[in-house]
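Undergrad: Return a 3D structure for these sequence lines:
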Amino acid sequence: MSYVITCGDEGVQINEGRRLAFAGAGFRLEGFSEAVSALKSLFGKKLAIASSEENAWVQKQLNLHEWDQVNASMEQHIEALGDREKLLYAGHVTFTDPRVLAPGIKAHMVRPHGIHIANKICFTLGGGEQTFNLGCYVISADWLAEAGLRVARPIIEAQIAFYKGLAKKDLVFTFEESGELGEKVAKQNRKVLDKILEKFV
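TA: Numbers count the residues shown, from 1 in each chain. All right, here's what the predicted structure looks like:
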């Protein structure tokens, strides 16, 4: 299975491969390097990273207004981020038919242009996104126990706050525990995540 770090935007659909989701694919996300190190330790294989169209996190970070600017900037910044973190840059996820980005990774965007429709956040705990669910922002929590609470807390809290602001409402939390890492690791990750989520429930 190919694993790709990309945005947790509800429109990103990975048709082949597994998504490890971080807002803005980790761009300017505090602690992202530590999360990548934990993921590499867990999966023991080369990970890829991909940019995506209409990325609201990158738009906010760079204070841009036009989506064309955002798209171009994200491609450049995520490719550079991949170089820094020694991640294969797989390509750009677009509003087209599913297309191959890298071996084992095929993806496209499926939400309406310019509209966010998510009303939930899905945390993946056992090996990335197993089932695509339209209407969910996705946050990878697969690495939390490996990295520890101190590292995990600011990364998870920043993403929750961002997605709640994007939705302009509270979001239901859901959890996906299946995956290659197995039940034991998923439970360890859930234990750390529950400590972080105490302030949000």
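Undergrad: What backbone torsions are found at the closest residue in space to Gly8 that isn't next to it in sequence?
TA: Spatially, and ignoring its direct neighbours in sequence, Gly8 is nearest to Ala21 (3.6 Å; CB to CB, 6 or more residues apart in numbering). Every residue, glycine included, has its C-beta placed from N, CA and C. Ala21 adopts backbone torsions of phi -100, psi 130, taken as degrees, to the nearest 10.
Undergrad: which residues in this protein form helices?
TA: For the chain, the helices defined by DSSP state H occupy 32-43, 56-62, 67-85, 144-147, 149-167, 182-197.
Undergrad: Let me know which of the ones you listed is tucked in deepest.
TA: Of those, the one with the most neighbours on average (mean count of other CB atoms under 10 Å) is helix 144-147, at a mean of 23.
Undergrad: just checking, what packs against that one?
TA: Secondary-structure packing of helix 144-147 (3 or more CB pairs under 8 Å, 6 or more residues apart in numbering; DSSP states H and E): helix 32-43, helix 182-197.
Undergrad: could I get the last one in CSV with only the CA atoms?
TA: Looking back up the chat, that one is helix 182-197. Extracted in CSV, the C-alpha atoms of helix 182-197 (Å, rounded to 0.1, in the frame of the first residue of the first chain):
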residue,chain,number,x,y,z
GLY,A,182,-3.4,-2.9,14.0
GLU,A,183,-5.8,-2.7,16.9
LYS,A,184,-3.2,-2.3,19.6
VAL,A,185,-1.6,0.8,18.0
ALA,A,186,-5.0,2.2,17.2
LYS,A,187,-6.0,2.0,20.9
GLN,A,188,-2.7,3.6,22.0
ASN,A,189,-3.3,6.5,19.5
ARG,A,190,-6.9,6.8,20.7
LYS,A,191,-5.7,7.1,24.3
VAL,A,192,-3.5,10.1,23.4
LEU,A,193,-6.2,11.6,21.2
ASP,A,194,-8.8,11.4,24.0
LYS,A,195,-6.6,13.5,26.2
ILE,A,196,-6.3,16.2,23.5
LEU,A,197,-10.1,16.2,22.8
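Undergrad: Now do that helix: distance to the chain's middle.
TA: Here helix 182-197 is found 17 Å from its chain centre; the criterion is CA atoms, centre = their mean, to the nearest Å.
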